[in-house]
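Chemist: model this:
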Amino acid sequence: MSNFTKMAAILFTIAILFGCASSGTDQKATELPSGSIHIEEWEIAAMAEMQWGHGTLGYNGKLYKFKIGGVGAGGMGVQKITATGHAYNLNDVADFAGTYIEARAGITVVKGVGGLWVENGKRVALHLKTHTEGVALAIGVDGLTIELE
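Modeler: Sure, this is the predicted structure:
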């Protein structure tokens, strides 16, 4: 067995053990969301990772556009990620911007699905359902930066 095949098997096993995505905050199922989110993001990884994209936040009857950028460590491949979900603990739209940290493991072969919870330094939490397209093996830590336009 080649070293590449061994490494791929190990990373695949880790991805299966840890699930598609995971992160950081315990939310109560009864908590009401503060806003709704739609994201389109692209990701390229070759041990180091780069992400970019855009999205919209629906908050207090208004629609806010935002940009996403990010870097991370771990993974290989190229994928497009579409995510929808909700924001929690959002009391001021300015608190939405910031860096959200994500630890994850997953695999995409043509299409995949997943979900995650992430939180920024102002305690704003995002619960997202993700749909991925491409070929990628993701394992590592990402920092997503959201900037309102």
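Chemist: rest of the way, CA atoms for contacts and neighbours
Modeler: Will do.
Chemist: Now do stretch 122-141, average pLDDT.
Modeler: For stretch 122-141, the mean per-residue pLDDT is 86.
Chemist: What residues of that stretch count as buried?
Modeler: Residues of stretch 122-141 classed as buried: 124-141 (neighbour count, 16 or more other CA atoms under 10 Å).
Chemist: Quick check: residue 44 vs residue 112, distance?
Modeler: Distance, residue 44 to residue 112, by CA to CA, to the nearest Å: 16 Å.
Chemist: Sorry, slip of the keys, the one I care about is residue 52.
Modeler: 19 Å.
Chemist: and what of residue 69?
Modeler: Per CA to CA, residue 69 is found 22 Å from residue 112.
Chemist: go on, residue 99?
Modeler: For residue 99 relative to residue 112 (CA to CA), the value is 25 Å.
Chemist: from the chain's centre, how far out does the helix or strand where residue 54 lies sit?
Modeler: Assigned by DSSP states H and E, residue 54 falls within strand 35-59. How far strand 35-59 lies from its chain's middle: 7 Å, per CA atoms, centre = their mean, to the nearest Å.
Chemist: partners of the helix or strand that it is followed by, with directions?
Modeler: Moving toward the C-terminus from strand 35-59, the next helix or strand (DSSP H and E) is strand 62-88. Partner strands and pairing direction for strand 62-88 (DSSP bridges) are strand 35-59 (antiparallel), strand 125-148 (antiparallel).
Chemist: which residue sits closest to residue 143, ignoring its sequence neighbours?
Modeler: Nearest in space to residue 143, with sequence neighbours left out and distances taken as CA to CA, 6 or more residues apart in numbering, is residue 101 at 4.7 Å.
Chemist: Give me the buried stretch members for the strand or helix carrying residue 107, please.
Modeler: Assigned by DSSP H and E, residue 107 belongs to strand 98-119. Using 16+ other CA under 10 Å as the test for burial, strand 98-119 gives 98-108, 112-119.
Chemist: can you state the direction angle for it and strand 125-148?
Modeler: Counting by axes from the mean of the first three to the mean of the last three CA atoms, to 10 degrees, strand 98-119 lies at 160 degrees to strand 125-148.
Chemist: Having no further points to raise, I will conclude here.
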